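S.K.: Build the 3D model from these lines:
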Amino acid sequence: MATTRLAEYIGRVLGGRYRLVAPIGTGASAHVYLADDVKLRRRVAVKILHPALADDEGFLRRFRAEARAAAGLNHANVMAVYDWGEEADGPFLVCEFLGGGSLRSILDRGTRLTPSQALLVGLEAARALDYASRRGLVHRDIKPANLLFDDEGRLRIADFGLARALAEAAWTEPSGTLLGTARYASPEQVRGARLDGRADVYSLAIVLYEAVTGRVPFVADTTMGTLMGRLEQPIPVAPELGILGPIVARAGRPDADERLDAVALGSALQSAAGDLPPPGRLPLAGIAALDDTQGRLDADPTELGLPVPPSTTQTSATGAPTVIDMSPPEHGAATPFGHGAATPFGHGAG
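M.R.: All right, here's what the predicted structure looks like:
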């Protein structure tokens, strides 16, 4: 996708109804655009996958099946998938637009979450993972870039189904890759074993550890060293985590049979909430437009073996962030985000 200039897509209409407005994210396998749904008159996010995938029948079959499954998910903490389609330039997904940005964007600014804030993030994510697991879905790529927020700070998990579809794609990056982000992959993913929802819990435990401490455990100088370091060791108990430390360690045990599942993780977090102060409002990063020379790359690329790209920030000629208009189109249609304030401990959909 590096050969495709982001600006070339602006103004195009996909599927006869999704007019691309501005690029808002890019990674190894896809570009993401803010778009207008001209039929329903609302803002949406459109993820355009790599053009090489358009001719991959194995991927397209899995992509169609996973897109349908993801579209059937209806949970307060799962990003809604509205539509999907295929164009000459590659398949695309249409999702709800979330203006609060990602956890990755928060962390890339040097901000760390308090234990109370991390607990709320973990609780909402655990509820979403439990919901998906009960429906037979394993995410396989839980990482800060896939934890998004609406304008009020409510968490949504993005990209359910996409990691599994990419696993069956013949296309890889030139260097050759394995699926699953190295820094957040579970031991069973490293071993190539059968996965269930506990693999996602492990990845979430890594995310919570990083969100509070600013460090990712087991990171080594090489991808292989990063992967091998977690096969026998539990996630360490960091003092910064406080009361969350033992919970994160239990969610990060290398043996899935000894690990908390999503239900148990949610229960443990809920029990710990009474011993923590209420969470402050999350320091949301928001969304900024990208150009062709400075993009907000996914610092946790889905494919293993890729170098972690530098984090860059889009700026205007004056040095100020280039912020796109997040308001709905002038016709005044309701935006797909804004489902109420972030839930305090003990409230929200289960």
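
S.K.: When you work out contacts or count neighbours from here on, use the C-alpha atoms and nothing else.
M.R.: Noted.

S.K.: Tell me how the chain divides into domains.
M.R.: 6-99+287-304, 102-273 (automatic domain parsing).

S.K.: Centre of the chain to the longest one, how far?
M.R.: Averaged C-alpha coordinates place domain 102-273 at 10 Å from its chain's average position (C-alpha atoms, centre = their mean, to the nearest Å).

S.K.: rewinding a little: would a markdown table of the domains of the chain with distance to Gly280 be doable?
M.R.: Putting those into a markdown table (distance: least, C-alpha to C-alpha, whole Å) gives the following:
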| stretch | distance to Gly280 |
| --- | --- |
| domain 6-99+287-304 | 19 |
| domain 102-273 | 7 |
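
S.K.: got these as CSV, with distance to Pro279 and mean neighbour count columns?
M.R.: CSV is the format used below for those (distance: least, C-alpha to C-alpha, whole Å; neighbours: other C-alpha atoms under 10 Å):
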stretch, distance to Pro279, mean neighbour count
domain 6-99+287-304, 18, 20
domain 102-273, 5, 20
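
S.K.: where among these is the average confidence lowest?
M.R.: Mean pLDDT values for these show the minimum at domain 6-99+287-304, a mean of 86.

S.K.: So which residues make contact with the host helix or strand of Leu120?
M.R.: Element membership for Leu120, per DSSP states H and E: helix 115-133. For helix 115-133, contacts defined as C-alpha atoms under 8 Å, 6 or more residues apart in numbering pick out 73, 75-78, 138, 155-157, 196-197, 200-201, 204, 208, 211-212, 240-244, 262-263, 265-266, 269-270, 273, 276-282, 344-345, 349-350.

S.K.: please redo it, this time with the cut-off set to 6 Å
M.R.: Contact with helix 115-133 is made by 77, 197, 241, 262, 266, 279, 350, as judged by C-alpha atoms under 6 Å, 6 or more residues apart in numbering.

S.K.: Just give me the closest of the residues you listed to Leu148.
M.R.: Asn77 (9.3 Å; C-alpha to C-alpha).

S.K.: Please name the residues that touch that closest one.
M.R.: 128, 155-156.

S.K.: In this structure Leu260 contacts Ala251, no?
M.R.: Yes - Leu260 is within contact range of Ala251, at 4.9 Å (criterion: C-alpha atoms under 6 Å).

S.K.: now the end-to-end length of stretch 74-81.
M.R.: One end of stretch 74-81 sits 9 Å from the other (C-alpha to C-alpha, to the nearest Å).

S.K.: Please enumerate the helices of the stretch 151-300 of the chain.
M.R.: 162-167, 187-191, 197-213, 223-228, 244-251, 262-273 (DSSP state H, counting those that start in this stretch).

S.K.: Any chance of the ones you listed in JSON lines with distance to His31 as columns?
M.R.: Listed next are the helices of the stretch 151-300 of the chain as JSON lines, based on distance: least, C-alpha to C-alpha, whole Å:
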{"stretch": "helix 162-167", "distance to His31": "14"}
{"stretch": "helix 187-191", "distance to His31": "26"}
{"stretch": "helix 197-213", "distance to His31": "23"}
{"stretch": "helix 223-228", "distance to His31": "24"}
{"stretch": "helix 244-251", "distance to His31": "32"}
{"stretch": "helix 262-273", "distance to His31": "30"}
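
S.K.: which residues does the residue lying closest to Gly25 once chain neighbours are set aside form a beta bridge with?
M.R.: Sequence neighbours aside, Val32 is the residue nearest to Gly25 in space, at 4.9 Å (criterion: C-alpha to C-alpha, 6 or more residues apart in numbering). Here Val32 sits in beta bridges with Gly25, Lys47, going by DSSP bridges.

S.K.: quick one: contacts for Val32?
M.R.: 23-26, 46-47.

S.K.: Which one of the contacts of Asn77 is nearest to Arg109?
M.R.: Closest to Arg109, out of all of the contacts of Asn77 and judged by C-alpha to C-alpha, is Leu155, at 18.5 Å.

S.K.: Write down the beta-bridge partners of the closest one, one by one.
M.R.: In beta-bridge terms (that is, DSSP bridges), Leu155 pairs with Phe149.

S.K.: can you map out the strands along the chain?
M.R.: For the chain, applying DSSP state E gives strands covering 13-14, 18-26, 30-37, 42-49, 81-87, 90-96, 101-102, 147-149, 155-157, 178-179, 303-304.

S.K.: Only the C-alpha atoms, please, for the second one, written as PDB.
M.R.: The C-alpha atoms that make up strand 18-26 are tabulated as PDB, following Å, rounded to 0.1, in the frame of the first residue of the first chain:
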ATOM      1  CA  TYR A  18     -19.400   6.100   0.800                       C
ATOM      2  CA  ARG A  19     -17.700   9.300  -0.200                       C
ATOM      3  CA  LEU A  20     -14.100   9.400   1.200                       C
ATOM      4  CA  VAL A  21     -13.400  12.700   3.100                       C
ATOM      5  CA  ALA A  22     -10.000  12.400   4.700                       C
ATOM      6  CA  PRO A  23      -7.400   9.800   5.600                       C
ATOM      7  CA  ILE A  24      -7.300   9.200   9.300                       C
ATOM      8  CA  GLY A  25      -5.000   6.100   9.700                       C
ATOM      9  CA  THR A  26      -2.700   3.800   7.800                       C
END
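
S.K.: Which strands or helices does it pack on?
M.R.: strand 30-37 (3 or more C-alpha pairs under 6 Å, 6 or more residues apart in numbering; DSSP states H and E).
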